[in-house]
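Enquirer: predicted model, plus sequence, below.
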Amino acid sequence: GDTTRSFQPSQIDIKTAKVDYTLPLKNNVKLEAGIKLSYVKTDNDARYDSLRADGWEKDLNRSNNFIYNENVNAAYLNFSKQYKKLGIQAGLRAEQSHVKGNSVTLSEVNDTTYLNLFPSVFLSYQANKNNQFGISYSRRIRRPDYEDLNPFEYYLDRYTMAAGNPYLQPQFTNKFELTHTFRQFLNTSLGYAHTKDLFTRVIEQDETTKIARYVYKNVNSSDHYSLDMSAPVTITKWWTTFTNVSAFYDHYQTIVDERNVDIGSFGFFGQTQQTFTIAKGFTTE
């Protein structure tokens, strides 16, 4: 067997500056604006040693030094207005991102800059005292974790290795949602989300060595359909419940090893919470 030891110091420096401004206007109109600057630097220096006959020896196949820098400059503008039964909220956020990954061990540097716009719209309508409707749209971004960008390969065991991907791109999601609230009690929502460049971990196997390799990659796209219902119920003065049920369908499209992958699956989730008041100031769930 193998006997190893490791020392993995990690230094993360985060600097942010943020300014927000709110301007209430006539006729139930409100404007909001702001900017945010953020700087992140991580330095991960992993040292692995293997026990040999003459003592501990540095394992060059596992030891790794990876430095990551990220700068995001963002600005946003929001508009909201309440007009009788109709509520309107619209916003736009712009983000300029500059990311740089430096694998000192592999002498590999990846430097990218990109600009993105993220609009959002939300409409609410109070049809009557018992029914409220809502419709929303938003575009979102999810960036890879720092370790997912580290290109260094390391062995999990003799037949399995893992590695990051310095060319991993952020994923973008367009989300639509319809909501209905009945008597401020039963909440129902129907949602659809399309994600482009979804990143996920895939498994590759070398047919010669039979070694499996875990690595994050951007797949083509995914579609998520969901139906959610939730309701709080007061049974007695000392017993309340909250129940939530969800049904969803996920569909994925990508190409793996020059083969087209087109799969989908259904899922279901349910949860109920019971809260009991034992005495004044004491509850249990």
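Expert: Arrived safely, thanks for sending. Residues are numbered from 1 along each chain as shown.
Enquirer: and for residue 161, the neighbour number?
Expert: 19 (other C-beta atoms under 10 Å). Just so you know, the C-beta spots here come from the backbone N, C-alpha and C atoms, and that holds for glycine as well.
Enquirer: also the one 10 residues further on?
Expert: Counted by other C-beta under 10 Å, the residues lying close to residue 171 total 20.
Enquirer: let me see the confidence value for it.
Expert: Among the per-residue scores, residue 171 holds a pLDDT of 94.
Enquirer: and it, backbone torsions?
Expert: Dihedral pair for residue 171: phi -110, psi 150, per degrees, to the nearest 10.
Enquirer: so it sits right up against residue 198, yeah?
Expert: Yes: look at residue 171 against residue 198 with C-beta atoms under 8 Å: they come within range, at 5.0 Å.
Enquirer: any shared contact partners between those two?
Expert: residue 218 (C-beta atoms under 8 Å, 6 or more residues apart in numbering).
Enquirer: longest strand anywhere in this protein?
Expert: strand 29-52 (DSSP state E).
Enquirer: what strands flank whichever helix or strand comes after that one, and is each parallel or antiparallel?
Expert: Downstream of strand 29-52, the next assigned helix or strand under DSSP states H and E is strand 55-58. Strand 55-58 has the following sheet partners, assigned by DSSP bridges: strand 29-52 (antiparallel).
Enquirer: just how off-centre is the partner strand within its chain?
Expert: 15 Å (C-alpha atoms, centre = their mean, to the nearest Å).
Enquirer: next, the buried residues of that strand.
Expert: 32, 36, 40, 41, 42, 43, 44, 45, 46, 48, 49 (16 or more other C-beta atoms under 10 Å).
Enquirer: same check on stretch 235-247?
Expert: So for stretch 235-247, counting by 16+ other C-beta under 10 Å, buried means 240, 246.
Enquirer: distance of residue 47 from residue 75?
Expert: 41 Å (C-beta to C-beta, to the nearest Å).
Enquirer: if you could redo that for residue 254, that was the one I meant.
Expert: 34 Å.
Enquirer: more neighbours: these two, which one.
Expert: Remark: of residue 254 and residue 75, residue 254 carries more neighbours, 18 against 15, as counted by other C-beta under 10 Å.
Enquirer: just checking, what packs against the helix or strand where that one lies?
Expert: Here residue 254 sits within strand 239-256, counting by DSSP H and E. Where contact means 3 or more C-beta pairs under 8 Å, 6 or more residues apart in numbering; DSSP states H and E, strand 239-256 is packed against strand 221-236, strand 259-279.
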